[in-house]
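K.L.:
Got a predicted model here, sequence first, then my questions.
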Amino acid sequence: MPIEFSPAHWDCIKADYHAWWEGRLQRPLIPVHVVGRDPGRPRPDIKPAQQMAGVDFAIPPDAVVDLWDWQLSCAEYLGDAFPWVWPNFGPGVIAAFLGARPEPAPDTVWFHAPGEKECADLALEPDLDHPWYRRIHSIMEAAGRRWKGLVQVAMTDLGGNLDILSTFRPGQRLLLDLYDHPQEVKRLTWEAHEAWWRCFEALDAVLRPTNPGWSQDFASTRP
């Protein structure tokens, strides 16, 4: 059985969420996901992981989306709930695109600088040909092809400017840099800012044609 949702249901959800954001709904938003629905087909033979980085990159993007589709088909969406997925590759994944080494863990991803450099020797330029970026991009493309707007695909956690910078100047180093090298920190913060927008706009261009709304995760969802 397909995911129990429809374009007409999305129209109601969007209207109610817009009214809530504008202060016109006169009630709280109450999303209720009820699991246990029969999906009508066997579970795909893929080992799930809390972090998408923990799923073998050799598994094709379409197969990843098929697993998500099966999981979403196991639920009913009551009240203000709707089907959504989050390509979660760890907080501040832009650090990987900037050259940091990703270390997936069961419940997060750590990013390690390739070597210790002083602020003046750092330059933050994202590589949109990086394997992790290509993986996120391809999964988002596969989701758009599969669902054509039936499921909201959230933005991956790109991170914040100083969070990204702290990967390359971790711990007290960045704190001292704020005092010792404020102009270099300002330069790098703006480079992180520009890198963030470059990555966001590139991924948003994949999501926007079919996505029924935009969010990073459910807590910040806005259809």
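P.N.:
In hand now; what should we look at?

K.L.:
Go ahead and confirm Tyr77 touches Pro83.
P.N.:
Yes - under the contact definition of CB atoms under 8 Å, Tyr77 touches Pro83, with a separation of 6.2 Å. Every C-beta, even on glycine, is put in place using the N, C-alpha and C of the backbone.

K.L.:
and for those two, which residues touch both?
P.N.:
When contacts are counted by CB atoms under 8 Å, 6 or more residues apart in numbering, Tyr77 and Pro83 have Phe5 as shared neighbours.

K.L.:
And the residue nearest to Val35 when sequence neighbours are not counted, what's its pLDDT?
P.N.:
Counting by CB to CB, 6 or more residues apart in numbering, Val35 lies nearest to Ala75, which is 5.1 Å off, once chain neighbours are set aside. As summarised for this prediction, Ala75 has a pLDDT of 97.

K.L.:
Please tell me how far Ala75 sits from Pro209.
P.N.:
Going from Ala75 to Pro209 by CB to CB, to the nearest Å gives 25 Å.

K.L.:
When the two are compared, which one has more neighbours?
P.N.:
Residue environment comparison for Ala75 versus Pro209 gives the larger neighbour count to Ala75, 19 against 9, counting by other CB atoms under 10 Å.

K.L.:
ok, Ala205 - how many residues close by?
P.N.:
When neighbours are counted by other CB under 10 Å, Ala205 registers 11.

K.L.:
before we move on, back to that, how about the contacts made by the residue nearest to Val35?
P.N.:
If you count contacts by CB under 8 Å, 6+ apart, then Ala75 has 4, 33-35, 37, 83 around it.

K.L.:
got the contact list for the residue positioned nearest the centre of the chain?
P.N.:
Nearest to the centroid of the C-alpha atoms of the chain, with distances taken as CA atoms, centre = their mean, sits Thr156, at 1.4 Å. For Thr156, the residues meeting the contact criterion (CB under 8 Å, 6+ apart) are 86-89, 93, 136, 203, 216.

K.L.:
What ranges does this protein have for its strands?
P.N.:
31-35, 75-79, 84-85, 101-104, 109-112, 152-153 (DSSP state E).

K.L.:
now the ones you listed as a markdown table including distance to Val185?
P.N.:
Listed next are the strands of the chain as a markdown table, based on distance: least, CB to CB, whole Å:
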| stretch | distance to Val185 |
| --- | --- |
| strand 31-35 | 40 |
| strand 75-79 | 45 |
| strand 84-85 | 36 |
| strand 101-104 | 23 |
| strand 109-112 | 19 |
| strand 152-153 | 34 |
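
K.L.:
Grab the longest helix from the protein for me.
P.N.:
helix 182-207 (DSSP state H).

K.L.:
what about the nearest residue to Asp66 once chain neighbours are set aside, how many residues close to it?
P.N.:
Distances taken as CB to CB, 6+ apart place Pro44 nearest to Asp66, at 5.2 Å, with adjacent residues excluded. Using other CB under 10 Å as the criterion, Pro44 is surrounded by 16 other residues.

K.L.:
And for Ile139?
P.N.:
If we define neighbours as other CB under 10 Å, then Ile139 has 24 of them.

K.L.:
pretty sure it contacts Trp86?
P.N.:
No - applying CB under 8 Å, one finds Ile139 not in contact with Trp86, separated by 10.9 Å.

K.L.:
Thanks a lot, catch you later.
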